[in-house]
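S.K.: fold the stuff below for me.
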Amino acid sequence: MENKKFKVIISACLLGIPCRYSGKAEINEEALKLFLEGDVLLICPEIFSGQKVPRSACEIIDGDGRDVLRGRAKVVDKDGNDYTDIFIKGARLVLSEIVSKHNIEKAFLKSGSPSCGVCTIYSGKFDGVKIKGCGVLSALLEENGIDYIKEL
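M.R.: The predicted structure is shown next:
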């Protein structure tokens, strides 16, 4: 019996695409293996929203991605510039233009990110400390029934 291949989105930075805020990227072996199996699409909600590379590092303050979507938290850079609307726009574009149109079932997303963050995000204090929580995109995907694969 042949295994059913499911459609997946993967954070592009996990496959070496230099789209992180710093312009750097990394290769995650599990993401690469999944990519080579096929039937995946690469995404970067921050690029989709029109942000450039490199760009200011941002963190979620006063909550996580769920709170951002409910208007209870913000995404800001170290100088206090508010990027909340941009991060919400990027997440909504991924949902409407990629996930919905391509029947995506799962997401393999970068942990720590204010956009993709699965399971952990940075504290919002720009102190390098990670806390339990999700990014804006992972919260939106969760609300829409999309499961995720935790970054290993």
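S.K.: switch to C-alpha atoms for all contacts and neighbour counts from now on
M.R.: OK.
S.K.: residue nearest the centroid of this structure?
M.R.: Among the residues of the chain, the one closest to the centroid is Cys116, at 1.5 Å (CA atoms, centre = their mean).
S.K.: that one touches Tyr122, doesn't it?
M.R.: No - the pair Cys116 / Tyr122 is not scored as a contact, 11.8 Å apart, by CA atoms under 8 Å.
S.K.: what residues are bridge-paired with the closest residue to Gly133 other than its chain neighbours?
M.R.: Nearest residue to Gly133, sequence neighbours excluded (CA to CA, 6 or more residues apart in numbering): Thr120, at 4.8 Å. With DSSP bridges applied, the residues forming beta bridges to Thr120 are Lys132.
S.K.: give the contact list for Thr120.
M.R.: Contact analysis of Thr120 by CA atoms under 8 Å, 6 or more residues apart in numbering lists 111-113, 130-135.
S.K.: ditto for Tyr122
M.R.: By CA under 8 Å, 6+ apart, the contact set of Tyr122 is 59-60, 112-114, 128-131.
S.K.: against Val129, how distant is it?
M.R.: 6 Å (CA to CA, to the nearest Å).
S.K.: next one: His102
M.R.: Distance, His102 to Val129, by CA to CA: 35 Å.
S.K.: check Ala25 too.
M.R.: 20 Å.
S.K.: now which of the contacts of Tyr122 would you call buried?
M.R.: Among these, those classed as buried by neighbour count (16 or more other CA atoms under 10 Å) are 59-60, 112-114, 130.
S.K.: those in strands, which ones?
M.R.: Using DSSP state E to define strands, the subset of these located there is 59-60, 130.
S.K.: can you tell me the element Leu93 falls in?
M.R.: Assigned by DSSP states H and E, Leu93 belongs to helix 84-93.
S.K.: then that helix to PDB, C-alphas only?
M.R.: Presented in PDB, the C-alpha positions along helix 84-93 are these (Å, rounded to 0.1, in the frame of the first residue of the first chain):
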ATOM      1  CA  THR A  84       1.600  44.300  14.000                       C
ATOM      2  CA  ASP A  85      -0.400  45.000  10.900                       C
ATOM      3  CA  ILE A  86       2.400  43.900   8.600                       C
ATOM      4  CA  PHE A  87       2.700  40.500  10.500                       C
ATOM      5  CA  ILE A  88      -1.000  40.000  10.400                       C
ATOM      6  CA  LYS A  89      -1.100  40.800   6.700                       C
ATOM      7  CA  GLY A  90       1.600  38.300   6.000                       C
ATOM      8  CA  ALA A  91      -0.100  35.500   7.900                       C
ATOM      9  CA  ARG A  92      -3.400  36.200   6.200                       C
ATOM     10  CA  LEU A  93      -1.800  36.100   2.800                       C
END
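S.K.: many thanks, I have nothing further to ask.
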